[in-house]
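Chemist: need a structure here:
(chains A, B and C)
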Amino acid sequence: MIDDSYTLYQLLQQQDILRGKPLLWWPNDGTFEVLVGAILTQNTRWEKVEVSLQNLRENNLISLQAIASVDLDLLMTLIQPSGLYKSKASYLKKLATAIIEDYGDFDNFVFETDRDWLLSQKGVGPETADSILCYACKRDVMVVDAYTARLLEAFGYSFETYDDLQEWCELSMRREMDDEDLARVFAEFHGMIVEFVKANSKGKAVDISLIL
DNA sequence: GGCCAGGTGTAAA
DNA sequence: TTTACACATGGC
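Modeler: Okay, the predicted model is just below:
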(Lines give C-alpha, C1' and ligand atoms only; values in the text may rest on other atoms or scores of the structure.)
Protein backbone atom coordinates (compact mmCIF):
# COMPACT_ATOMS: atom_id res chain seq x y z
CA MET A 1 0.00 0.00 0.00
CA ILE A 2 2.94 2.29 0.53
CA ASP A 3 5.17 3.09 -2.40
CA ASP A 4 8.43 4.00 -0.79
CA SER A 5 10.34 4.96 -3.88
CA TYR A 6 10.49 8.56 -2.69
CA THR A 7 11.05 9.62 0.85
CA LEU A 8 8.94 12.49 2.03
CA TYR A 9 12.04 14.61 2.32
CA GLN A 10 13.00 13.98 -1.30
CA LEU A 11 9.49 14.80 -2.39
CA LEU A 12 9.49 18.06 -0.47
CA GLN A 13 12.88 18.99 -1.82
CA GLN A 14 12.11 18.07 -5.39
CA GLN A 15 8.97 20.19 -5.41
CA ASP A 16 10.69 23.08 -3.72
CA ILE A 17 8.28 22.89 -0.84
CA LEU A 18 11.12 23.61 1.56
CA ARG A 19 11.74 27.12 0.32
CA GLY A 20 8.99 29.41 1.66
CA LYS A 21 9.89 28.76 5.25
CA PRO A 22 7.35 29.55 7.92
CA LEU A 23 9.76 29.81 10.81
CA LEU A 24 8.04 28.63 13.95
CA TRP A 25 4.78 28.43 12.11
CA TRP A 26 2.34 28.09 14.99
CA PRO A 27 1.74 31.49 16.64
CA ASN A 28 3.02 31.76 20.22
CA ASP A 29 4.40 28.24 20.20
CA GLY A 30 5.38 26.88 23.56
CA THR A 31 2.51 28.62 25.33
CA PHE A 32 -0.92 27.64 26.58
CA GLU A 33 -2.41 29.46 23.62
CA VAL A 34 -1.37 26.56 21.39
CA LEU A 35 -3.78 24.26 23.21
CA VAL A 36 -6.62 26.72 22.79
CA GLY A 37 -5.82 27.14 19.10
CA ALA A 38 -5.50 23.40 18.58
CA ILE A 39 -9.03 22.81 19.84
CA LEU A 40 -10.52 25.86 18.15
CA THR A 41 -9.05 25.08 14.74
CA GLN A 42 -10.83 21.76 14.40
CA ASN A 43 -12.76 21.78 11.14
CA THR A 44 -12.47 25.56 10.98
CA ARG A 45 -10.37 28.13 9.15
CA TRP A 46 -7.46 29.55 11.10
CA GLU A 47 -8.59 33.12 10.45
CA LYS A 48 -11.71 32.37 12.48
CA VAL A 49 -9.58 30.95 15.27
CA GLU A 50 -7.70 34.24 15.41
CA VAL A 51 -10.95 36.13 15.93
CA SER A 52 -11.81 33.88 18.85
CA LEU A 53 -8.32 34.11 20.30
CA GLN A 54 -8.53 37.88 20.14
CA ASN A 55 -11.87 37.78 21.98
CA LEU A 56 -10.31 35.63 24.65
CA ARG A 57 -7.29 37.89 24.89
CA GLU A 58 -9.46 40.95 25.38
CA ASN A 59 -11.09 39.17 28.29
CA ASN A 60 -7.80 38.01 29.78
CA LEU A 61 -8.71 34.41 29.23
CA ILE A 62 -5.62 32.97 27.56
CA SER A 63 -4.28 31.08 30.52
CA LEU A 64 -4.71 27.70 32.07
CA GLN A 65 -6.28 29.02 35.26
CA ALA A 66 -8.55 31.45 33.43
CA ILE A 67 -9.96 28.84 31.06
CA ALA A 68 -10.42 26.35 33.87
CA SER A 69 -12.54 28.76 35.86
CA VAL A 70 -14.30 30.80 33.17
CA ASP A 71 -18.07 30.80 32.89
CA LEU A 72 -19.01 28.28 30.22
CA ASP A 73 -21.61 30.50 28.58
CA LEU A 74 -19.15 33.37 28.32
CA LEU A 75 -16.56 31.03 26.81
CA MET A 76 -19.09 29.82 24.24
CA THR A 77 -19.93 33.39 23.26
CA LEU A 78 -16.29 34.38 22.83
CA ILE A 79 -15.34 31.41 20.66
CA GLN A 80 -18.51 31.38 18.61
CA PRO A 81 -16.76 32.72 15.48
CA SER A 82 -14.82 29.46 15.18
CA GLY A 83 -17.91 27.28 14.96
CA LEU A 84 -18.72 24.06 16.86
CA TYR A 85 -18.54 26.39 19.82
CA LYS A 86 -20.60 24.46 22.36
CA SER A 87 -18.45 21.35 22.04
CA LYS A 88 -15.21 23.29 21.89
CA ALA A 89 -16.02 25.41 24.95
CA SER A 90 -16.70 22.29 26.95
CA TYR A 91 -13.55 20.56 25.67
CA LEU A 92 -11.41 23.57 26.55
CA LYS A 93 -12.70 23.87 30.08
CA LYS A 94 -12.36 20.17 30.74
CA LEU A 95 -8.86 20.07 29.29
CA ALA A 96 -7.67 23.02 31.39
CA THR A 97 -9.23 21.53 34.50
CA ALA A 98 -7.66 18.14 33.87
CA ILE A 99 -4.22 19.69 33.35
CA ILE A 100 -4.43 21.47 36.68
CA GLU A 101 -5.62 18.32 38.40
CA ASP A 102 -3.05 15.98 36.89
CA TYR A 103 -0.03 18.24 36.38
CA GLY A 104 -0.54 21.26 38.62
CA ASP A 105 0.64 23.92 36.22
CA PHE A 106 1.36 24.45 32.55
CA ASP A 107 5.15 24.08 32.73
CA ASN A 108 4.81 20.75 34.42
CA PHE A 109 2.26 19.65 31.84
CA VAL A 110 4.62 20.58 29.00
CA PHE A 111 7.38 18.53 30.57
CA GLU A 112 5.43 15.47 31.65
CA THR A 113 2.44 14.89 29.42
CA ASP A 114 2.28 12.25 26.71
CA ARG A 115 0.15 11.27 23.74
CA ASP A 116 -1.97 8.74 25.63
CA TRP A 117 -2.93 11.24 28.28
CA LEU A 118 -3.89 13.79 25.64
CA LEU A 119 -5.90 11.25 23.63
CA SER A 120 -7.87 10.32 26.73
CA GLN A 121 -9.22 13.89 26.93
CA LYS A 122 -12.55 14.61 25.30
CA GLY A 123 -12.16 16.62 22.13
CA VAL A 124 -8.52 15.68 21.68
CA GLY A 125 -7.95 13.34 18.77
CA PRO A 126 -4.67 12.37 17.09
CA GLU A 127 -4.11 15.60 15.21
CA THR A 128 -4.93 17.85 18.14
CA ALA A 129 -2.75 15.75 20.44
CA ASP A 130 0.18 15.87 18.04
CA SER A 131 -0.21 19.60 17.47
CA ILE A 132 0.00 20.11 21.22
CA LEU A 133 3.00 17.79 21.56
CA CYS A 134 4.81 19.42 18.65
CA TYR A 135 3.99 23.10 19.05
CA ALA A 136 3.33 23.47 22.77
CA CYS A 137 5.64 20.80 24.22
CA LYS A 138 8.29 20.94 21.46
CA ARG A 139 8.47 17.17 21.13
CA ASP A 140 9.78 15.43 18.03
CA VAL A 141 6.34 14.62 16.68
CA MET A 142 5.28 15.34 13.13
CA VAL A 143 1.74 16.59 12.80
CA VAL A 144 -0.02 15.22 9.75
CA ASP A 145 -3.34 16.64 8.66
CA ALA A 146 -5.72 16.85 5.76
CA TYR A 147 -3.17 18.98 3.87
CA THR A 148 -0.41 16.43 4.30
CA ALA A 149 -2.65 13.60 3.16
CA ARG A 150 -3.81 15.65 0.19
CA LEU A 151 -0.29 16.48 -0.90
CA LEU A 152 0.85 12.88 -0.77
CA GLU A 153 -2.33 11.76 -2.47
CA ALA A 154 -1.50 14.02 -5.40
CA PHE A 155 1.67 11.98 -5.82
CA GLY A 156 -0.09 8.65 -5.51
CA TYR A 157 0.54 7.86 -1.88
CA SER A 158 -2.46 6.94 0.21
CA PHE A 159 -2.83 5.78 3.77
CA GLU A 160 -5.57 4.02 5.68
CA THR A 161 -5.35 5.94 8.92
CA TYR A 162 -3.86 9.01 10.53
CA ASP A 163 -1.34 6.83 12.36
CA ASP A 164 -0.22 5.11 9.16
CA LEU A 165 0.30 8.43 7.47
CA GLN A 166 2.19 9.82 10.43
CA GLU A 167 4.40 6.77 10.80
CA TRP A 168 5.41 6.91 7.16
CA CYS A 169 6.14 10.63 7.31
CA GLU A 170 8.16 10.43 10.50
CA LEU A 171 10.22 7.41 9.42
CA SER A 172 10.79 9.02 6.09
CA MET A 173 12.02 12.23 7.66
CA ARG A 174 14.09 10.57 10.37
CA ARG A 175 16.00 8.76 7.66
CA GLU A 176 17.20 12.09 6.27
CA MET A 177 17.65 14.11 9.44
CA ASP A 178 19.93 14.06 12.42
CA ASP A 179 18.10 13.48 15.65
CA GLU A 180 19.41 16.76 16.86
CA ASP A 181 16.79 19.45 16.44
CA LEU A 182 14.30 16.98 15.02
CA ALA A 183 11.48 18.59 16.98
CA ARG A 184 12.06 21.95 15.33
CA VAL A 185 12.46 20.35 11.91
CA PHE A 186 9.15 18.51 12.23
CA ALA A 187 7.46 21.70 13.35
CA GLU A 188 8.80 23.57 10.37
CA PHE A 189 7.98 20.88 7.82
CA HIS A 190 4.39 20.55 8.81
CA GLY A 191 3.98 24.30 8.52
CA MET A 192 5.62 24.37 5.12
CA ILE A 193 3.47 21.55 3.81
CA VAL A 194 0.30 23.30 4.92
CA GLU A 195 1.28 26.61 3.36
CA PHE A 196 2.38 24.91 0.17
CA VAL A 197 -0.83 22.98 -0.27
CA LYS A 198 -2.94 26.04 0.49
CA ALA A 199 -1.09 27.91 -2.22
CA ASN A 200 -1.40 25.11 -4.77
CA SER A 201 -4.93 23.86 -4.31
CA LYS A 202 -8.01 24.48 -6.32
CA GLY A 203 -10.90 23.60 -4.07
CA LYS A 204 -10.36 20.33 -2.35
CA ALA A 205 -7.66 18.66 -4.36
CA VAL A 206 -4.09 19.69 -4.87
CA ASP A 207 -3.78 20.81 -8.45
CA ILE A 208 -0.89 18.71 -9.57
CA SER A 209 -0.50 20.71 -12.76
CA LEU A 210 0.49 23.64 -10.57
CA ILE A 211 3.20 21.55 -9.00
CA LEU A 212 4.77 19.50 -11.75
C1' DG B 1 -26.91 27.38 -2.64
C1' DG B 2 -23.58 23.87 -1.88
C1' DC B 3 -19.07 22.74 -0.45
C1' DC B 4 -15.33 23.40 2.52
C1' DA B 5 -12.33 24.42 6.70
C1' DG B 6 -5.21 23.18 10.26
C1' DG B 7 -11.41 16.98 13.52
C1' DT B 8 -13.69 14.45 16.96
C1' DG B 9 -17.46 11.98 19.48
C1' DT B 10 -21.23 9.03 19.21
C1' DA B 11 -24.53 5.75 17.54
C1' DA B 12 -25.96 2.51 14.53
C1' DA B 13 -25.16 -1.36 11.23
C1' DT C 1 -14.84 -2.75 13.28
C1' DT C 2 -16.46 0.24 9.81
C1' DT C 3 -19.70 3.94 8.36
C1' DA C 4 -22.75 7.83 8.99
C1' DC C 5 -23.93 11.71 11.12
C1' DA C 6 -23.77 15.76 14.35
C1' DC C 7 -21.41 19.56 15.80
C1' DA C 8 -21.83 25.38 13.71
C1' DT C 9 -19.79 29.24 11.70
C1' DG C 10 -18.47 32.00 7.67
C1' DG C 11 -15.96 32.32 2.97
C1' DC C 12 -16.17 31.49 -1.67
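Chemist: How confident is the prediction for the residue nearest the centre of chain A, by pLDDT?
Modeler: Centroid check for chain A by CA atoms, centre = their mean gives residue A:131 as the closest residue, at 3.2 Å. Reported pLDDT at residue A:131 in the predicted model: 97.
Chemist: got a list of what residue A:22 touches?
Modeler: Counting by CB atoms under 8 Å, 6 or more residues apart in numbering, residue A:22 makes contact with A:188, A:191, A:192, A:195. C-betas here are computed from N, CA, C, even on glycine.
Chemist: could you measure residue A:179 against residue A:193, distance?
Modeler: From residue A:179 across to residue A:193, the span is 21 Å (CB to CB, to the nearest Å).
Chemist: Near residue A:88, how many other residues are there?
Modeler: Counted by other CB atoms under 10 Å, the residues lying close to residue A:88 total 24.
Chemist: Could you list the low-pLDDT ranges of chain A?
Modeler: A:1-5, A:20-21, A:202-212 (pLDDT under 70).
Chemist: Of the contacts of residue A:22, which belong to helices?
Modeler: A:188, A:191, A:192, A:195 (DSSP state H).
Chemist: Verify the stated contact: the first one with residue A:17.
Modeler: Which is residue A:188. No: at 11.1 Å, residue A:188 does not count as touching residue A:17 under the criterion of CB atoms under 8 Å.
Chemist: The two: who's more crowded?
Modeler: Taking other CB under 10 Å, residue A:188 and residue A:17 do not tie; residue A:17 has more neighbours (20 against 17).
Chemist: just to revisit the earlier point, tell me which of residue A:179 and residue A:193 has more neighbours.
Modeler: residue A:193 (26 against 9).
Chemist: Quick check: the more buried one touching residue A:11?
Modeler: No: contact criterion CB under 8 Å: residue A:193 and residue A:11 do not qualify, at 10.0 Å.
Chemist: shared neighbours of those two, which are they?
Modeler: Common neighbours of residue A:193 and residue A:11 (CB under 8 Å, 6+ apart) are residue A:17.
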